[in-house]
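1. Fold the following for me, if possible:
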Amino acid sequence: MSTVRRGKAKRPRTFVEARAMASSSSELGWWVFMRISGLLLIPLTFAHLWANNIAMDAGQIDFAYVVARLQQPGVRIFNSFLLLFAMLHGVNGLRYSIEDYVRRPGRRFALKMILYTVAGIIFVFGVMTLWAFSYEEMGNAVRALGSE
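-> As a prediction, this is how the structure comes out:
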């Protein structure tokens with residue numbers, strides 16, 4: 001079977017094909033991660049949607065509800081995993097696209113460094129928002145701004 005289809009390299013569909021085509025063991029690890037994280041993201045996303053839109057009437061959600069939920073360590077851990085898997089899955093998918101479509105090595109390297117930097121900043125801010133802020137103090141500050 002030919003590995004070239006319409007001018008592009010054939011993408012591996014099974015673990016055996018991926019292992020045969022992988023240029024390094026880390027590339028194979030990322031290939032496996034994409035399959036596992038994709039499967040994990042489905043229940044994580046639907047659980048998040050269910051908890052915030054079905055179990056609770058979305059029209060009734062206010063700041064007090066958000067504060068109460070985010071003060072629970074289990075919710076923070078759940079949201080941290082959701083953020084981690086979504087960020088890694090998305091960044092790795094973009095990395096694959098950069099590898100496929102950017103031909104010049106210098107430009108490809110620069111784009112990947114920008115991608116990793118922006119993703120790292122977003123992840124750090126996301127985790128800080130979940131774990132480091134006092135939502136009561138933040139709410140008081142926002143309400144004070146509105147009363148001025």
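2. and the longest helix out of those in the chain, how far out from the chain's middle?
-> Assignment by DSSP state H gives helix 73-101 as the longest helix of the chain. In this view, helix 73-101 has its centroid 2 Å away from the chain centroid, taken as C-alpha atoms, centre = their mean, to the nearest Å.
3. list the buried ones in it?
-> Across helix 73-101, burial judged by 16 or more other C-beta atoms under 10 Å covers 78-79, 82-83, 85-89, 91-92, 95, 98. (C-beta placed from N, C-alpha, C; glycine too.)
4. Which strands or helices does that helix pack on?
-> helix 25-49, helix 63-70, helix 105-131 (3 or more C-beta pairs under 8 Å, 6 or more residues apart in numbering; DSSP states H and E).
5. one more time with 6 Å, if that's ok
-> Packing partners of helix 73-101 (3 or more C-beta pairs under 6 Å, 6 or more residues apart in numbering; DSSP states H and E): helix 25-49, helix 105-131.
6. any chance of the buried residues of helix 73-101 in a markdown table, with pLDDT and distance to P43 too?
-> Formatted as a markdown table, the buried residues of helix 73-101 follow (pLDDT from 0 to 100; distance: C-beta to C-beta, whole Å):
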| residue | pLDDT | distance to P43 |
| --- | --- | --- |
| F78 | 92 | 11 |
| N79 | 92 | 14 |
| L82 | 92 | 10 |
| L83 | 93 | 15 |
| F85 | 90 | 11 |
| A86 | 93 | 13 |
| M87 | 94 | 17 |
| L88 | 92 | 17 |
| H89 | 93 | 14 |
| V91 | 95 | 21 |
| N92 | 92 | 19 |
| R95 | 92 | 25 |
| I98 | 94 | 29 |
